[in-house]
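J.: Any chance you can model this:
(chains A, B, C and D)
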There are 2 protein chains.
Amino acid sequence: MLELRSLPTDCAQRRQDSVCSTCGARAFSVCSSLDPADLAGLDSIAERVSLKAGESLIREGDPAVHLFNITSGSVRIYKLLPDGRRQITGFLFAGDFVGLATGQDYAFSGEAIEDATLCRFRKTDYRALIRERPLLEEALLDRATHELAAAQNQMLLLGRKTAQERIASFLLDLPTRDPLRPSTEDQVRLPMTRSEIADYLGLTIETVSRVLTKLKTTGVIRLLSLNELRIEQPDRLRDIAEGEV
Amino acid sequence: MLELRSLPTDCAQRRQDSVCSTCGARAFSVCSSLDPADLAGLDSIAERVSLKAGESLIREGDPAVHLFNITSGSVRIYKLLPDGRRQITGFLFAGDFVGLATGQDYAFSGEAIEDATLCRFRKTDYRALIRERPLLEEALLDRATHELAAAQNQMLLLGRKTAQERIASFLLDLPTRDPLRPSTEDQVRLPMTRSEIADYLGLTIETVSRVLTKLKTTGVIRLLSLNELRIEQPDRLRDIAEGEV
DNA sequence: TGGCCGCCTTGATCTCCATCAATCCGTTTG
DNA sequence: CAAACGGATTGATGGAGATCAAGGCGGCCA
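T.: Modelled structure (predicted):
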């Protein structure tokens, strides 16, 4: 991975190489609000974690001791009902924060969709750092607010949109999410399975499959492979997403 | 529609006394993290607003110039699709914050369900105050985080629960929300109409009505009036809410 | 190379909830 | 007090999407 290359010599002269200072995800994360000196402080309480696809990050009900910042890859967070029904409440990418729950315990589970790297912090350490760095707290509040807006959009989707509208909305939204792989907007990478898409959109895999097939046969999208598609008619897809006619 | 109601005429007279210091909702709101001296500062940038039932607070798409803190009554916030489908994304009560959106424009609309009073702040004023009061910002972050957790619960409800499970969850959750009218947990006040419940739960009014009738005939709840009911069997309702058998 | 396995697609049928429609009931108004 | 009205309930029917079921396709490993 490019991010892990050795540093240029001028940086290497520091007491310790700040991994943060060369972090590929820094520009997209709350860390961007820290100056170089503070980054060193962040570095000292951060722990690097790598996860293979499918590995668990946090588990609903476990004591919430850690916070995470995704530096590469992608993560799903979800909640379960006792009988196994699953709702994926978010797909997260580089720069995204995981585990901002206030409660004693995590209120959701998190797993890597594909291989991922993360920064891990003890909640207590992080809280202390926040106290000293109001800009960091401001960035966190900003991010939480953005996520709230996204959550409201998702509620609209889950509560009131048809299957086709949900898929269309999803295909339009997803490419804007991963800053490390800036899809050219009409080229969409789907790192998750059909089952995960279904559990994110409140549908079944069969319905996801059928709707994608229909969008393909009507020429709105083109399926390049299982995990890659191209939006051929963005305007029509936008109309579909908003339920126009 | 008359949205621009004049402020209480005695508003100016009260300026010297901190209205905040006697605010009934203070204990439940972010203001509780301010000491008396700071409350005065808050007072100086706050404007009191009263709304009659049905009146509009903010409108999706309008420039986001104000923030609100509810001091009494209740508010619904919602999003619309072009064809009129509505998703109510939250019912808010005393102490709740409205309008924390980061964007230029409001991403949702807000209206009073029943007569309500609110504190209104210019976003710019509020931001400045936050800068000076880290405790306030911390309280805001806390609140935003709680709302995020609630939003995830609502996504689970909308994406994966049956009509009966949704109603049961709603009846269990609602009484915990309004601190000014602490329902005795098994006595539930429904300040909103069936139509609003439906739009909150992603159902139709007919389904809401039918499920309530069914819960009544099975003895789980008792309907005292249109807007008041009693939970007769809390345990069974909890089981239903979580989909246990 | 072939067989297995996981994931996806496609088809047939079913079901829950939406839709359409009629009535009820409490409140307001003339 | 009657009529009108808005919201709620109840009944009949329909449809979008779930469920059940049967291949298809590609990757992996013996």
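
J.: so A:L136 is in which element?
T.: Per DSSP states H and E: A:L136 is located in helix A:134-160.

J.: mean confidence for that helix?
T.: Averaging pLDDT along helix A:134-160 gives 94.

J.: can the helix or strand following that helix be found next to DNA strand D?
T.: Later in the chain than helix A:134-160, the nearest helix or strand by DSSP H and E is helix A:163-173. Yes. Residues of helix A:163-173 contacting DNA strand D under Cβ under 7 Å from any atom of the strand: A:A163, A:Q164. Yep, even glycine has a C-beta here, placed from its N, CA and C like the rest.

J.: immediately after helix A:163-173, which helix or strand?
T.: With elements assigned by DSSP H and E, the helix or strand that comes after helix A:163-173 is strand A:187-189.

J.: Report the angle between the helix or strand just after that next one and helix A:163-173.
T.: Once strand A:187-189 ends, the next helix or strand along the chain (criterion: DSSP H and E) is helix A:194-201. Helix A:194-201 and helix A:163-173 are oriented at 100 degrees to each other (axes from the mean of the first three to the mean of the last three Cα atoms, to 10 degrees).

J.: Which neighbouring residues are in contact with the residue nearest in space to the middle of chain A, exactly?
T.: Closest to where the C-alpha atoms of chain A average out (Cα atoms, centre = their mean) is A:L92, at 1.0 Å. In this structure, A:L92 makes contact with A:I70, A:S74, A:V75, A:R76, A:I77, A:V98, A:G110, judged by Cβ atoms under 8 Å, 6 or more residues apart in numbering or on different chains.

J.: CA atoms only: put the helix or strand that it is a member of into PDB for me.
T.: Assigning secondary structure by DSSP H and E places A:L92 in strand A:86-93. Extracted C-alpha coordinates of strand A:86-93, given in PDB (Å, rounded to 0.1, in the frame of the first residue of the first chain):
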ATOM      1  CA  ARG A  86     -30.700  -7.400  10.000                       C
ATOM      2  CA  GLN A  87     -30.800  -3.800   9.200                       C
ATOM      3  CA  ILE A  88     -27.500  -2.300   8.000                       C
ATOM      4  CA  THR A  89     -27.600   1.300   9.100                       C
ATOM      5  CA  GLY A  90     -24.600   2.500   7.300                       C
ATOM      6  CA  PHE A  91     -21.700   1.700   5.000                       C
ATOM      7  CA  LEU A  92     -18.600   3.600   6.100                       C
ATOM      8  CA  PHE A  93     -15.400   4.500   4.300                       C
END
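
J.: Just give the strands next to it in its sheet, each with its orientation.
T.: With DSSP bridges as the test, strand A:86-93 is paired with strand A:66-80 (antiparallel).

J.: Any residues of chain A in contact with DNA strand D? List them.
T.: Within chain A, the positions near DNA strand D by Cβ under 7 Å from any atom of the strand are A:T162, A:A163, A:Q164, A:G202, A:L203, A:T204, A:E206, A:T207.

J.: Against chain B, how distant is the residue lying closest to the fifth one once chain neighbours are set aside?
T.: Using Cβ to Cβ, 6 or more residues apart in numbering or on different chains and skipping the chain neighbours, the partner closest in space to A:L203 is A:A163 (5.6 Å). The span separating A:A163 from chain B equals 12 Å under the rule Cβ to the nearest Cβ, to the nearest Å.
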